[in-house]
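Asks: how would this look folded up:
(one chain, ligands or ions: 1)
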Amino acid sequence: MIEFKNVSKTYGHAPDAPKALDDVSLTIGRGELVVMIGASGSGKSTLLKMINRMEQPSSGTVVLDGQDMAQMPVRDLRLRMGYVIQSVGLFPHWTVARNIGVVPTMLGWPPERIAERVTELLTLFDLDPATYGPRLPHQLSGGQQQRVGVARALAGDPEVLLMDEPFGALDPLIRAALQDEVKRIHQASGKTIVMVTHDIDEALRLGTQIVLLEQGRIAQVGTPLALLGQPANDRVADFVGRSDVGIKLLSLQSAGSLARAGVAQTGPSLPASASLREALSTLALHGCDTLNLLDDAGAHTGVLHAADLFNRARVGDPQRRDARATHG
Ligand SMILES: Nc1ncnc2c1ncn2[C@@H]1O[C@H](COP(=O)(O)OP(=O)(O)OP(=O)(O)O)[C@@H](O)[C@H]1O
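Replies: I've put the predicted structure just below:
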């Protein structure tokens with residue numbers, strides 16, 4: 001668990017220097033995927049960098065599993081954390097395999113175990129180890145380099161993965177694929193992930209918790225549903241996007257959450273795990289009012305009626321007992 005206790009940060013010593021962080025208190029639970037979001041200069045990266053002590057608080061404390069981080073040796077701390085940045089930061093003259101193996105090497109793993117780990121991670125990220133392991137970073141596309149960056153951050157099996165705008169420079173298709181991979185890794189490993197982004201859709205899609213920063217202060221912390229359904233104030237509502245909030249809410253819930261029992265109808269089918277947004281899109285595309293829902297094995301599990309998408313309590317209402325987030 002990571003706790004920020006009354007953390008403030010002022011860069012430089014000028015008496016009138018603005019606070020990059022202003023009395024921030026925040027708890028990041030083990031296994032959460034916390035996304036920090038906010039306007040440029042709101043303090044996201046500063047907050048993230050305090051978790052591996054690349055920045056120090058001017059006042060207040062950051063605590064990791066009950067221990068004040070300021071008292072912990074920096075090297076030990078950093079070896080427990082994976083760090084991914086937008087510019088990737090691979091060593092240009094080292095092969096992909098050597099780049100990925102850097103932390104395991106520092107941890108003193110035997111060479112065979114490092115080689116196994118490199119092969120495992122390249123495979124996980126859909127890069128053929130025999131083809132890509134020996135290449136230099138410049139022989140990879142931007143998306144492939146970013147995959148290697150994430151693989152390198154995961155190589156030493158860190159407790160915490162820190163990601164500072166990891167997908168900011170990528171085109172939308174590769175970005176979506178990497179988002180899916182991070183989500184899958186998070187679900188499979190239960191690691192704590194803290195990510196900074198500018199992209200509210202990325203935050204809503206990936207975050208189990210979202211931290212919205214505003215001029216160095218926390219404007220709201222909550223689940224994606226809470227931010228959309230109960231924004232703390234008008235500025236939060238503007239930030240998450242008033243005009244398409246209904247559509248965003250639909251993306252957070254599964255089609256299965258509104259399934260009715262019933263035999264299959266003629267017409268299109270969709271996995272029950274697909275979002276209500278995908279369901280709405282499919283209904284509109286086919287101009288029909290029902291959708292057959294399928295389980296993971298492709299068997300019929302129920303029917304979604306278009307009317308249920310509209311004739312129901314507010315989607316974001318957490319009182320709805322059948323409301324299930326499709327994320328996390
Ligand atoms: N090394 C530094 N020296 C001086 N001021 C800094 C430094 N790093 C950040 N700042 C200032 O601190 C404030 C917060 O910066 P930070 O990088 O944390 O914001 P951010 O929300 O991550 O911004 P962006 O989205 O633009 O990356 C900004 O006003 C910034 O100018």
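Asks: Give me the neighbour count for the one residue in the stretch 201-328 of the chain that gets nearest to the ligand.
Replies: Here the stretch 201-328 of the chain gets closest to the ligand at one residue, Leu213, 6.4 Å apart by Cβ to the nearest ligand atom. Glycine gets a C-beta too; all of them are placed from N, C-alpha and C. Neighbour count of Leu213, defined by other Cβ atoms under 10 Å: 25.
Asks: That one bridge partners, please.
Replies: Gly38, Ile218 (DSSP bridges).
Asks: For the residue lying closest to Met69 once chain neighbours are set aside, give me phi and psi.
Replies: Leaving aside its sequence neighbours, Met69 sits nearest to Val62 (Cβ to Cβ, 6 or more residues apart in numbering; 4.7 Å). Main-chain dihedrals, Val62, degrees, to the nearest 10: phi -120, psi 130.
Asks: quick one: the helices in the stretch 201-328 of the chain?
Replies: 224-229, 234-240, 245-251, 276-286, 306-310 (DSSP state H, counting those that start in this stretch).
Asks: contacting residues around the residue of the stretch 201-328 of the chain closest to the ligand?
Replies: Met36, Ile37, Gly38, Ser42, Gly43, Lys44, Leu47, Ala219 (Cβ atoms under 8 Å, 6 or more residues apart in numbering).
Asks: Which residues does stretch 268-277 contact?
Replies: So stretch 268-277 is in contact with 247, 250-259, 278-279, 282-283, 285-286, 288, 291-296, 300-302, 304, 309, 315, 326, going by Cβ under 8 Å, 6+ apart.
Asks: Using neighbour counts, pick out the buried residues of that stretch.
Replies: Ser269, Leu270, Pro271, Ala272, Ala274, Ser275, Leu276, Arg277 (16 or more other Cβ atoms under 10 Å).
Asks: Can you pull the residues of the chain lying near the ligand?
Replies: Tyr11, Gly12, Ala20, Gly38, Ser40, Gly41, Ser42, Gly43, Lys44, Ser45, Thr46, His198 (Cβ under 6 Å from any ligand atom).
Asks: Hmm, Ser59 is touching Lys5, no?
Replies: No - in this structure, Ser59 is not within contact of Lys5 by Cβ atoms under 8 Å, at 10.0 Å.
Asks: Please compare those two by neighbour count and tell me which comes out ahead.
Replies: Per other Cβ under 10 Å, whichever of Ser59 and Lys5 has more neighbours is Lys5, with 16 against 13.
Asks: Quick check: closest non-adjacent residue to that one.
Replies: Thr61 (4.9 Å).
Asks: And Gln265, by the same measure?
Replies: Gln265's closest residue in space is Thr290 (Cβ to Cβ, 6+ apart), at 4.7 Å.
Asks: Now do the residue nearest to Lys5 against the ligand, distance only.
Replies: 18 Å (Cβ to the nearest ligand atom, to the nearest Å).
Asks: Please, which helix or strand holds that residue?
Replies: Element membership for Thr61, per DSSP states H and E: strand 59-64.
Asks: Pull up the pairing partners for that strand, direction included.
Replies: strand 2-10 (antiparallel), strand 67-68 (antiparallel).
Asks: Now that we have the residues of the chain next to the ligand, which of them are buried?
Replies: Buried among the residues of the chain next to the ligand (16+ other Cβ under 10 Å): Ala20, Gly38, Ser42, Gly43, Lys44, Ser45, Thr46.
Asks: quick one: contacts for the last one?
Replies: By Cβ under 8 Å, 6+ apart, the residues touching Thr46 are Lys9, Ala20, Leu21, Glu55.
Asks: Tell me the secondary structure of it, please.
Replies: The assignment at Thr46 comes out as helix when based on DSSP: H, G, I helix; E, B strand; the rest coil.
Asks: Distance-wise, check the closest residue to it other than its chain neighbours relative to Pro57.
Replies: Among residues not flanking Thr46 along the chain, Ala20 sits closest, at 4.7 Å (Cβ to Cβ, 6+ apart). Distance of Ala20 to Pro57, computed by Cβ to Cβ, to the nearest Å: 10 Å.
Asks: Report the set of residues contacting both of the two.
Replies: What both Ala20 and Pro57 touch, as defined by Cβ under 8 Å, 6+ apart, is the set Lys9.
Asks: I figured Gly190 was touching Gly29, is that so?
Replies: No - counting by Cβ under 8 Å, Gly190 stays clear of Gly29, with 11.2 Å between them.
Asks: Give the residue spans of the stretch 1-150 of the chain that score low on pLDDT.
Replies: Applying pLDDT under 70 to the stretch 1-150 of the chain flags residues 86-88.
Asks: rerun that using 90 as the cut-off
Replies: 12-18, 75-90, 103, 106-107, 123-126, 141-147, 149-150 (pLDDT under 90).
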